[in-house]
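Q: Sequence and computational prediction follow.
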Amino acid sequence: TPQKQEEIVMLQRKILDKAAKYVKPDGTLIFSTCTIAREENEENVHKFLETHTEFELEQMRQCFPYEGCDGFFMAKMHRK
């Protein structure tokens, strides 16, 4: 449901915020989901980077079911 989708988006933001605290300078943070929903993926990464300026995006990849997989997303971010 749309409400459940929004709850998941907010939960993922909280998880990213917590995980970021454990990444040492010059470390890497990988964010990955098993969904193709833009709100959960690209939008969460961009929102995270806006509020965590100590991180920079290195790579972002969205895989779709027509590419021979179930569909997933991943983003690699580097802590400066």
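A: Yep, it's here.

Q: so for the longest helix seen in the chain, what's the average pLDDT?
A: Secondary structure of the chain read by DSSP state H shows that its longest helix is helix 2-20. For helix 2-20, the mean pLDDT works out to 95.

Q: mind checking the end-to-end distance for stretch 43-61?
A: Using CA to CA, to the nearest Å, the end-to-end distance of stretch 43-61 comes to 13 Å.

Q: got the end-to-end distance for stretch 56-73?
A: Start-to-end span of stretch 56-73 (CA to CA) is 17 Å.

Q: With stretch 22-34 instead?
A: With CA to CA applied, stretch 22-34 spans 23 Å between its terminal residues.

Q: Just the CA trace of the longest helix of the chain, in PDB.
A: The C-alpha coordinates for helix 2-20 follow below in PDB (Å, rounded to 0.1, in the frame of the first residue of the first chain):
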ATOM      1  CA  PRO A   2       1.200   3.600  -0.400                       C
ATOM      2  CA  GLN A   3       1.200   4.000   3.400                       C
ATOM      3  CA  LYS A   4       3.400   0.900   3.800                       C
ATOM      4  CA  GLN A   5       5.700   2.200   1.100                       C
ATOM      5  CA  GLU A   6       6.200   5.500   2.900                       C
ATOM      6  CA  GLU A   7       6.900   3.600   6.200                       C
ATOM      7  CA  ILE A   8       9.600   1.600   4.400                       C
ATOM      8  CA  VAL A   9      11.100   4.700   2.900                       C
ATOM      9  CA  MET A  10      11.300   6.300   6.300                       C
ATOM     10  CA  LEU A  11      12.800   3.200   7.900                       C
ATOM     11  CA  GLN A  12      15.500   3.000   5.300                       C
ATOM     12  CA  ARG A  13      16.400   6.600   6.000                       C
ATOM     13  CA  LYS A  14      16.800   5.800   9.700                       C
ATOM     14  CA  ILE A  15      18.900   2.800   8.900                       C
ATOM     15  CA  LEU A  16      21.200   4.900   6.600                       C
ATOM     16  CA  ASP A  17      21.500   7.600   9.300                       C
ATOM     17  CA  LYS A  18      22.600   5.000  11.900                       C
ATOM     18  CA  ALA A  19      24.900   3.100   9.600                       C
ATOM     19  CA  ALA A  20      26.700   6.300   8.500                       C
END
